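**Student:** kindly return the folded structure for what I paste below:
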Amino acid sequence: MSRRKRRTFTPESKFETVLEVVRGEKSAAQICREREISETLLSRWKQDFLSKGPELFESQANGKASELELRIAELERLAGRQALELEILKKAGALLGSGWNGNGR
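**Tutor:** Okay, here's the model as predicted:
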């Protein structure tokens, strides 16, 4: 008795198969017959698809939030450096007696 070799499916083919079911283009039984897969396997793919959908959108939102957080941190560092440079310039001006008081005179 020979065993049937185990087939592997690409993520794209799984996605297309589940999408057909979700869209209602064909019945699950018809899709299973055409693609020679079991209904249990199709059901598992569909369950994975539906359960991981929210994670996809969550990761996109987190990605945008982390980009904004990085940009804010960069701007805060820049503002801090400029404040430090301004303080150094004020002290240097006072030590050199240039008469510059910081208001343009």
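
**Student:** check what pLDDT residue 57 gets.
**Tutor:** As predicted, residue 57 sits at a pLDDT of 69.

**Student:** so where's the chain uncertain?
**Tutor:** Applying pLDDT under 70 to the chain flags the ranges 1-2, 56-63, 98-105.

**Student:** where do the helices sit along it?
**Tutor:** Taking DSSP state H to define them, one finds helices in the chain at 11-23, 28-35, 39-96.

**Student:** who are the packing partners of the longest one?
**Tutor:** Helices and strands touching helix 39-96, by 3 or more C-beta pairs under 8 Å, 6 or more residues apart in numbering; DSSP states H and E, are helix 11-23, helix 28-35. Bear in mind the C-beta positions are built from the backbone N, C-alpha and C, glycine included.

**Student:** equivalent analysis for the first one, please.
**Tutor:** For helix 11-23, the elements it packs on are helix 28-35, helix 39-96, judged by 3+ C-beta pairs under 8 Å, 6+ apart.

**Student:** residue 51 is nearest to which of the helices and strands packed on helix 39-96?
**Tutor:** helix 11-23 (11.7 Å; C-beta to C-beta).

**Student:** so what touches that closest one?
**Tutor:** 26, 28, 31, 35, 37, 42, 45-46, 49 (C-beta atoms under 8 Å, 6 or more residues apart in numbering).

**Student:** tell me which of the residues you listed is nearest to residue 90?
**Tutor:** Set against residue 90, the nearest of the contacts of helix 11-23 by C-beta to C-beta is residue 49 (62.0 Å).

**Student:** quick one on the thing from earlier: and the helices of the chain as CSV, adding mean neighbour count and distance to residue 5?
**Tutor:** Listed next are those as CSV, based on neighbours: other C-beta atoms under 10 Å; distance: least, C-beta to C-beta, whole Å:
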stretch, mean neighbour count, distance to residue 5
helix 11-23, 14, 17
helix 28-35, 14, 16
helix 39-96, 11, 16
